[in-house]
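> predicted coordinates and the sequence they were generated for:
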Amino acid sequence: MTFGARFFLIFSLVTAVALAWPQSGHAFTLDAAEKAVLDGQAAQVIPQLEAYAPKSQTEALRRLWILGVANARAGRPDAAVAPLSKLVAQVPANPMFRLELAGALVASGQHKRARYHLEQVKGADLPPQVQTQVQNQIDRLERSKNWQGYFRFALTPESNAARRTQAETVNLGGLVFNINPNAREEPATGVELGFGLAALPMIGERTRARFGIDAQARLFDGRAPDDVFLRATAGIVHFDQSGRRLTADVFATQRRLDNSTYTRSQGLALGYGFALGQRARLSFGVQHEQLSYVQSAYDVRRAAANVQLAYAASAQLVLRAGARFENRSSAYSLAAGHAQGLSIGGDYTFVGGLRVGLDLSYDHNDFDGIHPLYGVQRMDRKTAATVHITNQNWSYRGFAPVIKFGVERQNSNIVINSYRNVSTSLGVTRSF
């Protein structure tokens, strides 16, 4: 039985009183269909519900609800997803509709989408016992995974994909030099690919091992370097009964620029997350990494920490905020330093299924060494804004289109490290 089942009888009684359609002879009515579902005859009324032409917007919504529930009760969760998704798109603030959709998505194996709707519904004013059941279902979805992965593909036109300076000249010791045009900002169009896969074998009642690989690639048209990043991880994931989650991973990475190895690293990452009341979740992470720059032949020891807060303000609005801290030590003083960053953002789901997200960030990055040409310690200040747009009704066989618009600007006291970039990403993504 899905989460929405307990609400179905209440909904039926309310709508039966509020929406009383006259019945003549043996004409099909939504009242009759609803009663058939309650009497265990869901499969018999599905063809009539599919053929029924609603006479008003209220009838249209009621038909979608009954059709979705009828398919779910008839053991057809895949067929239940479409009408329930349309219903949630039209009435995104109704928690009952989201709970029923989440149940259908769980039954049809679409756990990623199910979890999204369960997280959204935490922002509604649900009774405490229902909130507890929602959190328990989220935890079960996490613990039940033996495999997880994702695939991403996007076209990415950018105004300055290589993050090069827009300056035309540089002043060194009072002498002005022209910057080579090939070293300045230039637009480029690329393809972005992402793939990840992880095995999660059970090693305890609430503990799983995790072995994963990730590959990210940004391939351009020759006006920016191709950038490929590979990561392998091995670790454990532990869940407890109250929704707390602990992760520990060792990892190794390699980054390649234009077919040449740029960096290699090995490290350890720890993560801890827990529910903060009924609507919020707080997560912490720490990481220690030994990073080697292959071509420049120097090493950097990097220690980092981050904290993130997510808050479901309503069934339509999710807010988030985060902070990060980083310290770098190296015998090469120009690479050593420290950084801090802040981010805020949120997602809002509109009537009709359109979901729009906005993320803003600010990073403060200082370097220890005195630059031999400029005679100063490098200081970078970076701001970024990203808008991402999708629609739950656009999903096809698990693939969801995503549109992103980004603006990024870095100001540095060393002119060649200042840049600006405007990007667009048109792509599809799928999680499994």
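Good, I have the coordinates. Residues are numbered from 1 along each chain as shown.
> need phi/psi at the residue nearest in space to the middle of the chain.
Nearest to the mean C-alpha position of the chain, by C-alpha atoms, centre = their mean, lies residue 116 at 9.3 Å. Phi and psi for residue 116, reported as degrees, to the nearest 10, are phi -60, psi -50.
> also the one 3 residues further on?
Torsion angles at residue 119 (phi, psi; degrees, to the nearest 10) stand at phi -70, psi -40.
> tally of neighbours for it?
Per other C-beta atoms under 10 Å, the neighbour tally for residue 119 reads 19. Quick note: C-beta positions are derived from backbone N, CA and C, even for glycine.
> partners of the closest residue to it other than its chain neighbours in the sheet?
Take residue 119 and drop its neighbours on the chain: the residue closest to it by C-beta to C-beta, 6 or more residues apart in numbering is residue 312, 6.5 Å away. When assigned by DSSP bridges, residue 312 has beta-bridge partners residue 318.
> burial count for residue 312?
19.
> surely it touches residue 280?
Yes: here residue 312 lies in contact with residue 280, judged by C-beta atoms under 8 Å, at a distance of 7.4 Å.
> per-residue pLDDT, the residue nearest to residue 119?
Residue 312 carries a pLDDT value of 90.
> show the contacting residues for it.
Residue 312 sits next to 119, 120, 122, 123, 279, 280, 318 when contact means C-beta atoms under 8 Å, 6 or more residues apart in numbering.
> quick check: the gap between it and residue 28.
Between residue 312 and residue 28 the computed distance is 39 Å (C-beta to C-beta, to the nearest Å).
> also residue 233?
With C-beta to C-beta as the criterion, residue 233 and residue 28 are 56 Å apart.
> so the two - more neighbours on which side?
Applying other C-beta under 10 Å to residue 233 and residue 28 shows that residue 233 carries more neighbours, namely 19 against 13.
> just the contacts of residue 312: which are in helices?
Judged by DSSP state H, the contacts of residue 312 include 119, 120 as members of helices.
> would you check which pair of the contacts of residue 312 lies furthest apart?
120 and 280 (13.6 Å; C-beta to C-beta).
> the more surrounded of the two?
Neighbours per residue (other C-beta under 10 Å) separate residue 120 from residue 280, with residue 120 holding more: 24 against 17.
> residue contacts, that one?
98, 312, 315, 316, 318, 349.
> rerun that using 6 Å as the cut-off
Residues near residue 120 by C-beta atoms under 6 Å, 6 or more residues apart in numbering: residue 315.
> can you give me the strands for the stretch 151-300 of the chain?
169-172, 175-178, 188-199, 202-204, 207-220, 227-239, 245-257, 260-276, 280-293, 298-312 (DSSP state E, counting those that start in this stretch).
> now the last one against strand 260-276, angle please.
Using axes from the mean of the first three to the mean of the last three C-alpha atoms, to 10 degrees, the direction of strand 298-312 lies 30 degrees away from that of strand 260-276.
> tell me what angle strand 298-312 forms with strand 280-293.
Going by the same axes, to 10 degrees, strand 298-312 makes 170 degrees with strand 280-293.
> mind putting the strands of the stretch 151-300 of the chain into a markdown table with distance to residue 33?
Formatted as a markdown table, the strands of the stretch 151-300 of the chain follow (distance: least, C-beta to C-beta, whole Å):
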| stretch | distance to residue 33 |
| --- | --- |
| strand 169-172 | 75 |
| strand 175-178 | 77 |
| strand 188-199 | 43 |
| strand 202-204 | 43 |
| strand 207-220 | 43 |
| strand 227-239 | 41 |
| strand 245-257 | 42 |
| strand 260-276 | 39 |
| strand 280-293 | 39 |
| strand 298-312 | 33 |
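> residue 32 is nearest to which of these?
strand 298-312 (37.5 Å).
> can you give me the buried ones in that closest one?
299, 300, 302, 304, 306, 308, 310, 311, 312 (16 or more other C-beta atoms under 10 Å).
> same question for stretch 291-299.
Buried, per 16+ other C-beta under 10 Å, within stretch 291-299: 291, 292, 293, 299.
> ok, now which ones touch the closest residue to the third one other than its chain neighbours?
Beyond its immediate neighbours in the sequence, the residue positioned closest to residue 293 (C-beta to C-beta, 6+ apart) is residue 263, lying 5.6 Å away. Residues touching residue 263, when contacts are defined by C-beta under 6 Å, 6+ apart, comprise 255, 291, 293.
> same check, this time on residue 211
Per C-beta under 6 Å, 6+ apart, neighbours of residue 211: 199, 234.
> pretty sure residue 333 sits against residue 369.
Yes: Residue 333 is within contact range of residue 369, at 3.0 Å (criterion: C-beta atoms under 6 Å).
> let's have the buried residues of stretch 291-299 in CSV, adding distance to residue 93 and pLDDT.
Converted to CSV, those look like this (distance: C-beta to C-beta, whole Å; pLDDT from 0 to 100):
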residue, distance to residue 93, pLDDT
291, 47, 97
292, 52, 97
293, 51, 96
299, 53, 97
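> what about residue 228, how many neighbours?
19.
> correct me, but it touches residue 216?
No: Residue 228 is beyond contact range of residue 216, at 7.3 Å (criterion: C-beta under 6 Å).
> from what I see, residue 301 and residue 329 are in contact.
Yes: between residue 301 and residue 329 there is a contact at 4.8 Å, judged by C-beta under 6 Å.
> domain ranges for this structure?
5-143, 147-431 (automatic domain parsing).
> bridging residues for the residue nearest to residue 293?
residue 255, residue 293.
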